[in-house]
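> From the sequence below, what's the structure:
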Amino acid sequence: MQGDQALFAQGLATYEKVVSHNYMAHREVYGLLHRILAAEAPDRFVYLDVACGTAKGSAEALKGANVGGYIGIDISRPSLEVARAALQDLSCPVDLRCQDFVEAIAGWDEPVHVIWIGQSLHHLRADAKQDFMRRVRALLPHNGLFLIWEPTCLEGEDREGWMERFRQLRPEWPAVSDDEFAAFDSHHRASDYAETATAWTAMGREAGFEGVEEMLVTPNRLARMYRYRN
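Now for the predicted structure:
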């Protein structure tokens, strides 16, 4: 059997294929994140990267930004080691923490101005998503930003409908092998709970955010980016 490091390397290689071919619209998402941070984040802002993974997207988005501190949380130590290298050019302190992101936010007591989570909040069920958003709202100062990029169902579509739309993308991912694509599909079945745009919006408003806005729909319409503002 493969060891943990070998499995991590294999999964990372597959993920990097997806990123390099822009199958999930990483370029559009992190390009927009960069523009939002440049225009709206306060001077010397503290950026909390929730479920940061390898942090390569955030590292790109933060280039040239007036960031005063970076904190990344992820449950995978190997991912955090890759993140450390990806973030080395930032001109601010970098703090990487191996934690479950729900537990980390539940106990958070440090100043933070921008909270970003991409492709991870959907792992929680609806009630847990709502609780998480309420906690984030309580942590952020006035004009603080909470930004998410998450799988999103079409209105009237259920979880199985979203997964079927994903499976229909197979011909559009030629750089990924059948086994690699099947691994994505298996992960979705085991762990993913997409919400509709109406639900993502309603959750933000119920949490108490004054501004809730859909910022981007990915070209394949499987995911969307939202901005919640205190």
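
> residue ranges with poor pLDDT in this protein?
1-9 (pLDDT under 70).

> what are the ranges of the helices in it?
For the chain, applying DSSP state H gives helices covering 4-20, 26-40, 56-61, 77-86, 101-106, 126-139, 159-167, 178-191, 197-207.

> among these, which is the most enclosed?
Of all the helices of the chain, helix 56-61 has the most neighbours on average by mean count of other Cβ atoms under 10 Å, namely a mean of 22. Every residue, glycine included, has its C-beta placed from N, CA and C.

> now it, how far from the centre of its chain.
Chain-centre distance of helix 56-61: 11 Å, with Cα atoms, centre = their mean, to the nearest Å.

> Dump that helix to PDB, keeping only the CA atoms.
What follows is helix 56-61, C-alpha atoms only, in PDB (Å, rounded to 0.1, in the frame of the first residue of the first chain):
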ATOM      1  CA  LYS A  56      -0.700  29.000  -3.800                       C
ATOM      2  CA  GLY A  57      -3.800  30.800  -4.900                       C
ATOM      3  CA  SER A  58      -3.700  33.100  -1.900                       C
ATOM      4  CA  ALA A  59       0.000  33.800  -2.400                       C
ATOM      5  CA  GLU A  60      -0.800  35.000  -5.900                       C
ATOM      6  CA  ALA A  61      -3.800  37.100  -4.700                       C
END
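
> Who are the packing partners of it?
On a contact count with 3 or more Cβ pairs under 8 Å, 6 or more residues apart in numbering; DSSP states H and E, helix 56-61 meets helix 26-40, helix 77-86.

> redo that, cut-off 6 Å
Secondary-structure packing of helix 56-61 (3 or more Cβ pairs under 6 Å, 6 or more residues apart in numbering; DSSP states H and E): helix 26-40.

> before we move on, the earlier item: dump the helices of the chain to CSV, plus distance to N220.
Listed next are the helices of the chain as CSV, based on distance: least, Cβ to Cβ, whole Å:
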stretch, distance to N220
helix 4-20, 12
helix 26-40, 11
helix 56-61, 17
helix 77-86, 25
helix 101-106, 26
helix 126-139, 22
helix 159-167, 8
helix 178-191, 13
helix 197-207, 15
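
> Tell me which of those helices lies nearest to T218.
helix 26-40 (6.9 Å; Cβ to Cβ).

> Which one, of the helices of the chain, ends up nearest to E150?
Closest to E150 of the helices of the chain is helix 197-207 (Cβ to Cβ; 7.0 Å).

> From the rest of the structure, what touches that closest one?
Contacts to helix 197-207, defined as Cβ atoms under 6 Å, 6 or more residues apart in numbering, come from residues Q130, M133, R134, R137, T152, V212, Y226, Y228.

> and L147, which of the helices of the chain is closest to it?
Proximity to L147 (Cβ to Cβ) singles out helix 26-40 among the helices of the chain, at 6.5 Å.

> List of residues touching the closest one?
With contacts defined as Cβ under 6 Å, 6+ apart, helix 26-40 is touched by V19, G57, E60, A61, A65, W149, L216, M225.

> Apply 7 Å and report the result again.
Residues outside helix 26-40 that contact it (Cβ atoms under 7 Å, 6 or more residues apart in numbering) are 19, 57, 60-62, 65, 114, 116, 118, 145, 147, 149, 215-216, 218, 225, 227.

> how about stretch 42-62: buried residues?
45-59, 61-62 (16 or more other Cβ atoms under 10 Å).
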